[in-house]
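Requesting a structural model of the entry that follows:
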Amino acid sequence: MTTAFVDVRIRRPQQHEALMQELQNDAQFPTYRDILLFAAAVGFRHDRRVPFSTAAGDPIRYETLTTPTFSEALVNMIAANVVTDDPEIMDGTRIEERIRIFEEYANGGLEYIQEQVNVRHQPAALVVIDLVTEAFADDGGAKPVSVDELLGGVTWS
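Take a look at the predicted model:
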């Protein structure tokens, strides 16, 4: 997928700056990028999409966010699953909209992680381990499906 050249930046929510510091220092997330990617996945998994207006620090360049190849796929998959009635969401000119959706899920994921820290009375590093363990334990992994099931609802125009 080619995206239109726009200087797109990803913001970090100010209200979760302390949590992101804890995740970086204690949970060993090497970068804010990694924290936001994990948080967006957590937010999406728990259906937590929370807008925010106040950003912390310098925003992250889109190219930096998507350096690991899977990162752009995560951003796009979240947007495609949220805006199901508009396939044009994947158009290169709508990258800013996809990023806003990603930011909101990352904020929701950070909110969820903070709630878990508060409720469980555990450090963020242990909460992260539990969340990853729970994600792997749920569903038992991918299950085989037929081509008809994979293409269910697809129409060819």
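
Phi, psi for residue 59 please.
Backbone torsions for residue 59, taken as degrees, to the nearest 10, come to phi -70, psi 160.

cool, and residue 61?
phi -60, psi 140.

Name the helix or strand of this protein that has the lowest mean pLDDT.
Taking mean pLDDT, DSSP states H and E as the measure, helix 147-150 is the helix or strand of the chain with the lowest mean score, a mean of 70.

mind listing the strands for this structure?
Counting by DSSP state E, one finds strands in the chain at the ranges 9-13, 55-61.

Isn't residue 41 up against residue 73?
No: using CB atoms under 8 Å, residue 41 is not in contact with residue 73; the gap is 11.5 Å. Every C-beta, even on glycine, is put in place using the N, C-alpha and C of the backbone.

more neighbours, those two?
Each of residue 41 and residue 73 has its neighbours counted (other CB atoms under 10 Å); residue 41 has more, 19 against 12.

Contacts only, for the more buried one.
Contact analysis of residue 41 by CB atoms under 8 Å, 6 or more residues apart in numbering lists 74, 109.

going forward, begin numbering at 22 instead of 1
New numbering, starting at 22: the last item is residue 62.
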